[in-house]
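Enquirer: take a look and give me a structure for this.
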Amino acid sequence: MYFMNENRQKNPDVTTGSLKRHLVRLTLPTIGGMFAITIFNLTDTFFISRLGTNALAAMGFTFPIVMLVGSVSMGMASGAGSVLARAMGKQDHHLMNRIATDGILLSILVVLIVSCIGLFTMDPLFRFLGAPDETLPLVKEYMTIWYIGVIAFIMPPVGDSSMRAMGDMKRPLIVMLVCAVLNAILDPILIFGLFGFPAMGMAGASLATIISRFVGMLTTLSFIHFHYGLLDFKYRSISELIDSWKKIGPRTYRLKAAAKAWRVKYIQPGDRWYQLARGFGGAIAVNRCKDCVVEDVTVYSSPGCASSVGHSEGVIVRRLEVRFKPGENRILSTNADGVHCQGNVRGPIIEDCYFEGMADDATNMYCRPNMVRTVHSPADLTVSDDMHLEAGNRVQAFDPSVGQFRGETVIVSAEHDKEARTYRLKLKKGIPGLRAGKDPGLVLHYA
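Expert: From the prediction side, this is the model:
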């Protein structure tokens, strides 16, 4: 029989009532919880710093692993909370029980994997992260205990997320406060050996963290079991457990398109859907070059463009093929253009090329002009850095508001301010009638 504790009915229904009141009620405990986590970490850092710089450096080497494991824990917590919130909205108590219980079991499985891998890879892993010989023993002293007790680090977020999914923000706050206060008490006792305890140093700091987290874990489990009655380890079959784990890591997404997105009407159930993870990399990149030739190249895939030509002159792209690799069932060849051309002085020439399967254009050529920001004098300007400029460039000044050229000159010097994203230009001869502006304003481009 599946049941819910009657006390659960005392929690507010977040689907009704004042939105502002719900936002305040949900936000303030979250801020308090994040503050408690900050105090927890600051306490560790403060007391460990009293052991010396090597101990503090060793603590720094542990952060990437702690953050990585924390990210995995928060991922499982978010998945469990999302599914449990929807189950609560449907009043599906059986699914709520399953997700809360099976989420905790999943965290235990992850703990076993993390602990085994971590304990046997400490030397190579932390040497790879750059830990020197004098620091590595301190890192291992801390992480050995941490890996053994990592269950207390991974499990509570899953349980706390389940409570938040039901609109209960106070109990997760209580859990985090308990952890922070207990850690602040245990840190000096176990690190420095107060009240008859042995001075354990880095091991004491790790043990204090695990004990406080373990008490927090017991507090979380007590709330979930005694207040909500969500823990239920009775299964009809092992497939029921596997199904819950699949729900925590869903592979189904709900898409919401804008009202005027006419392309939506062409999407049908069963269509293959690809979410582009477009990067800035490309198979071929030609940048700030002169008289280069890209010839006889085949590109099967790229996170961005197949090829890009930027801020160059006289480039030729000849017999470039962008196509699907034979024997593969890909829906795209590249995630962007076949040949992407930006800000070139002259060219490129593109000839005898073949393009298929790009997520964007076969060829794309454009130039962003440099907007005139400040006119210090007719021969002294500050312009935007949309295009690369350097001494010797011949440029024209164009006024887009009236469609007229104002003049042509040569850059004597170009001082680039990367923070302001501007160039300070000294011109060979001044251009009369210059004015600054944003849109429209005077612009410079290659002559």
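
Enquirer: those strands in the chain, which residues are they?
Expert: Assigned strands in the chain, in chain order: 282-287, 293-299, 305-310, 316-322, 339-342, 349-351, 354-355, 363-366, 370-377, 380-384, 394-399, 404-417, 422-427, 443-446 (criterion: DSSP state E).

Enquirer: out of the ones you listed, deepest packed?
Expert: Across these, averaging neighbours per residue (mean count of other C-beta atoms under 10 Å) puts strand 305-310 on top, at a mean of 26. Placement of C-beta: from N, CA and C, glycine included.

Enquirer: quick one, domains of the protein?
Expert: Under the assignment automatic domain parsing, the domains of the chain span 6-248, 282-366, 370-446.

Enquirer: tell me the bridge partners for Val383.
Expert: Residues in a beta bridge with Val383, per DSSP bridges, are Val372, Tyr423.

Enquirer: ok so, going back, any chance of the domains of the chain in JSON lines, plus mean pLDDT?
Expert: JSON lines is the format used below for the domains of the chain (pLDDT from 0 to 100):
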{"stretch": "domain 6-248", "mean pLDDT": "80"}
{"stretch": "domain 282-366", "mean pLDDT": "89"}
{"stretch": "domain 370-446", "mean pLDDT": "80"}
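
Enquirer: could you measure from Met387 over to Asn344?
Expert: Relative to Asn344, Met387 is positioned 10 Å away (C-beta to C-beta, to the nearest Å).

Enquirer: Gly70 now?
Expert: Relative to Asn344, Gly70 is positioned 46 Å away (criterion: C-beta to C-beta).

Enquirer: biggest helix in this structure by residues?
Expert: As far as residue count goes, and with DSSP state H defining each element, the longest helix of the chain is helix 53-89.

Enquirer: run the chain-centre distance for that one.
Expert: With C-alpha atoms, centre = their mean, to the nearest Å as the basis, helix 53-89 stands 14 Å off its chain's centre.

Enquirer: cool, and stretch 215-225?
Expert: When C-alpha coordinates are averaged (C-alpha atoms, centre = their mean), stretch 215-225 and its chain have centres 30 Å apart.

Enquirer: now stretch 374-381
Expert: With C-alpha atoms, centre = their mean as the basis, the mean position of stretch 374-381 lies at 42 Å from the chain mean.

Enquirer: go on, stretch 116-128?
Expert: Offset of stretch 116-128 from its chain centre (C-alpha atoms, centre = their mean): 25 Å.

Enquirer: gap between the two ends of that stretch?
Expert: With C-alpha to C-alpha, to the nearest Å as the measure, the first residue of stretch 116-128 is 19 Å from its last.

Enquirer: so what sits against both of Met387 and Asn344?
Expert: 311, 367 (C-beta atoms under 8 Å, 6 or more residues apart in numbering).

Enquirer: just to revisit the earlier point, who's more crowded, Gly70 and Asn344?
Expert: Between Gly70 and Asn344, counted using other C-beta atoms under 10 Å, Asn344 has the larger neighbour count: 21 against 14.

Enquirer: if we ignore the residues flanking it in sequence, what's nearest the more buried one?
Expert: Among residues not flanking Asn344 along the chain, Ser312 sits closest, at 5.2 Å (C-beta to C-beta, 6 or more residues apart in numbering).

Enquirer: what does Pro172 give?
Expert: Using C-beta to C-beta, 6+ apart, the nearest residue to Pro172 is Asp160, at 3.9 Å.

Enquirer: how far away is that neighbour from Asn41?
Expert: Between Asp160 and Asn41 the distance is 17 Å, computed by C-beta to C-beta.
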